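Peer 1: next come a sequence and a model predicted from it.
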Amino acid sequence: MTSMQDLKTQCFPNWCPGCGNLAIWSAFKNAAVANTWDNANTALVAGIGCHGHMVNFVKITSFEGLHGRALPVATGVKLANHDLNVFVFTGDGDCLGEGGNHFIHTCRRNHDLTILLHDNAIYALTTGQTSPASPQGFKSKSTPFGNIDNPINPVTLAIASGATFVARAFAPDIPKLSDLITRANNHKGLAVIDILQPCITFNKEYSHDFFKQNIYYLDAEHDVSNKASAFTKSLEWGLKQIPLGVFYVEEKPTYESQVSQLAKGALVKQPLVKRDISGLN
Ligand code: SF4
C-alpha cells in the first residue's frame, strides 16, 4: 500500500498558484497511490525546467538530469534495473529543444519508459522565452517581434518516431490525467503523454480558458491501432479542435526485452563477474 502521506516530502510546491504543474503533481500522486508505486518499484527522472521541481515534491527515488538529458538518464536507469517503473518528467524546452535528438531515438528504440511531457510551450524557469512548442507569431522576451519558427507537434513527432503509446492530456483534468498515467505505465514500451500545462505567468496565449474553449476528447470511433489515422488526428490543432486522449497504441517488443544481457534478470541483481581483458592490449 502507498498512501499520500508516504509520498509527502519536506518541501511544499513553489510553483505559481494556478500553474498546471500542480495538477500534474496531483494526478501523478493519485496514480501512484492507486497503483502502489513507491521506492521499491519505481524511479523518477526529470530534466531542467519548472517541471523538474517535481522530484522535490514526490518522495520516490529520483534523479534530476542536465537540461535535455532526462531521457538518456532514464534509459540508463531502466537498463540497470528493468524491473523498475521508470517515469520521465520533462518539459517542451527540455524534451523538444535541448533533448530533441534523445526524444526521437528513445521513441524509435521502444524503451519501456513513461514520459510525462509538461508542455507549456515556453521556457518558464528562465522567465519566459520562446520554446520549440511555441506557436508562430508568439511574442516573448526572445522573440519580441513574433516567433517565425514553426512549432513542433510532440504527438505527431512521437508517432512518427516510433513511440508505441501516444496520448495528449489537459493538466487540470486531474482524474482523466491520472487514468492516462496509469494506462501509459501499464503499456509495455515507450509511452508519451503530451500534457497541455498552462503557464499562467509567462504564456498568456495558452491559458486555462484558451484550452477549455478548444480541447475535445477523441471518441470511441478513433481506432488507436491505426497509425495513419492517429497521425492525421495528431495534426489537428486549432479553434475547437485540439484532440485529447489516446492517439496510438502498438504492441511491439521493448528494447529491454531484446537485450540478451538482461534475459537472466535485472543487471543490478546479477553477480559481478571479473573478466580478463588484458588480451585486448
Ligand atoms: Fe508554472 Fe509558469 Fe510559474 Fe513555472 S513560471 S511555476 S510553469 S506558472
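Peer 2: Noted; the coordinates are in hand. Residues are numbered from 1 along each chain as shown.
Peer 1: for the helix or strand where residue 167 lies, packing partners?
Peer 2: Secondary-structure assignment from DSSP states H and E places residue 167 in strand 165-170. Taking 3 or more CB pairs under 8 Å, 6 or more residues apart in numbering; DSSP states H and E as contact, the helices and strands that strand 165-170 lies on are helix 154-161, helix 174-186, strand 191-196, strand 242-249. C-betas here are computed from N, CA, C, even on glycine.
Peer 1: just checking, what packs against the last one?
Peer 2: What that stands for is strand 242-249. Packed against strand 242-249, as judged by 3+ CB pairs under 8 Å, 6+ apart, are the following elements: helix 154-161, strand 165-170, helix 174-186, strand 215-217, helix 227-234.
Peer 1: run the last query once more with 6 Å
Peer 2: In terms of contact count using 3 or more CB pairs under 6 Å, 6 or more residues apart in numbering; DSSP states H and E, strand 242-249 is assigned the packing partners strand 165-170, strand 215-217, helix 227-234.
Peer 1: parallel or antiparallel, which strands does it pair with?
Peer 2: Sheet neighbours of strand 242-249, with direction, are listed as strand 165-170 (antiparallel), strand 215-217 (parallel) (DSSP bridges).
Peer 1: contacts for that strand next, please.
Peer 2: Residues from elsewhere that reach strand 242-249 (CB atoms under 6 Å, 6 or more residues apart in numbering): 155, 159, 165-168, 170, 214-215, 217-218, 224, 230, 233-234, 236.
Peer 1: quick check: mean pLDDT across stretch 115-134?
Peer 2: For stretch 115-134, the mean per-residue pLDDT is 97.
Peer 1: that older thread, let's have the helices and strands packed on strand 165-170 in a markdown table, adding mean pLDDT and mean neighbour count.
Peer 2: Formatted as a markdown table, the helices and strands packed on strand 165-170 follow (pLDDT from 0 to 100; neighbours: other CB atoms under 10 Å):
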| stretch | mean pLDDT | mean neighbour count |
| --- | --- | --- |
| helix 154-161 | 98 | 22 |
| helix 174-186 | 98 | 19 |
| strand 191-196 | 98 | 28 |
| strand 242-249 | 98 | 21 |
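Peer 1: the ones you listed: which one's closest to residue 133?
Peer 2: helix 154-161 (6.9 Å; CB to CB).
Peer 1: what sits up against that closest one?
Peer 2: Contacts made with helix 154-161 from outside it, assessed by CB under 6 Å, 6+ apart, are listed as 104, 107-108, 117, 166, 168, 192, 194, 230-231, 234, 247-248.
Peer 1: list just the nearest of those to the ligand.
Peer 2: For the ligand, the nearest member of the contacts of helix 154-161 is residue 117. The distance, counting by CB to the nearest ligand atom, is 13.3 Å.
Peer 1: isn't there a strand covering that closest one?
Peer 2: Yes. Judged by DSSP: H, G, I helix; E, B strand; the rest coil, residue 117 forms part of a strand.
Peer 1: beta partners for it?
Peer 2: Residues in a beta bridge with residue 117, per DSSP bridges, are residue 90, residue 194.
Peer 1: surely it touches residue 95?
Peer 2: Yes. Taking CB atoms under 6 Å as the contact criterion, residue 117 and residue 95 are neighbours in contact, 5.5 Å apart.
Peer 1: could you pull out the helices for the chain?
Peer 2: Using DSSP state H, the helices found in the chain span residues 4-7, 20-35, 54-57, 70-80, 92, 100-109, 154-161, 174-186, 208-214, 227-234.
Peer 1: could you find the closest non-adjacent residue to the residue of the stretch 151-281 of the chain found nearest the ligand?
Peer 2: The stretch 151-281 of the chain approaches the ligand most closely through residue 199 (3.2 Å), counting by CB to the nearest ligand atom. Nearest residue to residue 199, sequence neighbours excluded (CB to CB, 6 or more residues apart in numbering): residue 120, at 3.8 Å.
Peer 1: any idea how far residue 204 is from that neighbour?
Peer 2: 12 Å (CB to CB, to the nearest Å).
Peer 1: which parts of the stretch 151-281 of the chain sit against the ligand?
Peer 2: For the stretch 151-281 of the chain, the residues found near the ligand under the criterion CB under 6 Å from any ligand atom are 199-202.
Peer 1: which of those count as buried?
Peer 2: Judged by neighbour count, with 16 or more other CB atoms under 10 Å as the criterion, the buried members of those are 199-202.
Peer 1: hmm, which two among these are most spread apart?
Peer 2: Of all pairs drawn from these, the widest gap by CB to CB lies between 200 and 202 and measures 8.3 Å.
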